[in-house]
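1. Here is my input; please provide its structure:
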Amino acid sequence: MARDPYEALGLARGASEAEIRSAYRKLAKRDHPDRNPGDAAAEERFKEASAAHSLLSDPEKRARFDRGEIDAGGQEQSPFGFGTRGSGSNARYSYDSRSAGGGAEDFSDIFSELFGRARAGGEPRRARGQDQNFRLAVDFVDAVRGATQRLTLPDGRNLEVKVPPGIEDGQTMRLKGQGGAGLNGGPAGDALIEIQVRPHPQFRRDGDDILVEVPVTLAEAVLGAKIPVPTVTGAVTVTVPKHADSGTRLRLRGKGVAAHGGRPAGDAYVTLRLVSGPVDAELEAALTAWRGRHPDFDPRA
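-> So this is what the prediction gives:
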């Protein structure tokens, strides 16, 4: 039994002429036998879509189908509910280039898009290749500073991808001419590369700034010290001021995301985290005495 034409095109019954035409062109390009050689299922879908478009693109036939006067194959419906010859379970969709899709002009448009053929003559026409999508995992520091990475494509080709500084997780890079091959000498499509930034065990990013937490001892926090601090460009020495507290934030100008796109380099922010370290009897005694001198101090107040 012929398939309902609206269902074959994936449309509701109230679809407009433009929606019918658009749905058909999309399915015809996807399922055309020349694009899917040997694929019987695609060929059957193509025939169904062609037959459905042939019926629905004809206002008179569409109206008669909607009223139940003809079936999905265009056959007259018996007023007593019996199908006429050719509308039974053995009926098949057929394809005719003169009637499928509202005329030869529509079909030649699709052929031109599919195969780059000229509309009237037989001269080949250039057609651009398809864009292709890929993913590239990038280390956190490389995303911040910029780097060149190699991407191996499914066809064995290797692309040298220049990752710009400041690129963010989920952003897409477009490499011109690195996608699918063109038809009849047409230009190749582009490679669209989605960037996936790997997390870092120490650094976090906040816009163009880099955040890092650094442990300090009680002595360093109270007495002050010079300590090494990691940054995305390498370790630097910073000064911990006397009487620093856990949570104290130090700013390192220009040590964040590298300058890019006319934007200046970001900063690095170092947050101090107090670590008690080894505690001996002398330290206990000193802290006991300190607590006795400051009985009202409440850090949670």
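2. tell me the contacts of P278?
-> The contact partners of P278, by C-beta atoms under 8 Å, 6 or more residues apart in numbering, come to none. For glycine as for every other residue, the C-beta is placed from the backbone atoms N, C-alpha and C.
3. Is it within a helix or a strand, and which one?
-> For P278, there is no enclosing helix or strand under DSSP states H and E.
4. Could you measure from it over to R35?
-> Counting by C-beta to C-beta, to the nearest Å, the gap from P278 to R35 is 73 Å.
5. what does G189 give?
-> 16 Å.
6. swap in G207?
-> G207 is 46 Å from R35, by C-beta to C-beta.
7. Neighbour count for the two, which is higher?
-> R35 (14 against 11; other C-beta atoms under 10 Å).
8. Check the secondary structure at that one for me.
-> Following DSSP: H, G, I helix; E, B strand; the rest coil, we place R35 in the coil state.
9. residue closest to the middle of this protein?
-> E194 (6.2 Å; C-alpha atoms, centre = their mean).
10. List the contacts of it.
-> N133, F134, R135, L136, G170, Q171, T172.
11. Quick one: neighbours of the closest residue to the second one other than its chain neighbours, just the number.
-> Across the structure, with C-beta to C-beta, 6 or more residues apart in numbering as the measure, the residue nearest F134 apart from its sequence neighbours is I193 (5.0 Å). Residues lying near I193 (other C-beta under 10 Å) number 22.
12. Touching, I193 and K176? I think so.
-> No: counting by C-beta atoms under 8 Å, I193 does not reach K176; the two are 11.9 Å apart.
13. so how many other residues sit close to D71?
-> 20.
14. quick one, phi/psi of it?
-> phi -90, psi -180 (degrees, to the nearest 10).
15. Show me the strands in the protein, by range?
-> 132-138, 147-152, 158-163, 172-175, 191-197, 204-206, 209-217, 225-229, 236-240, 249-252, 268-275 (DSSP state E).
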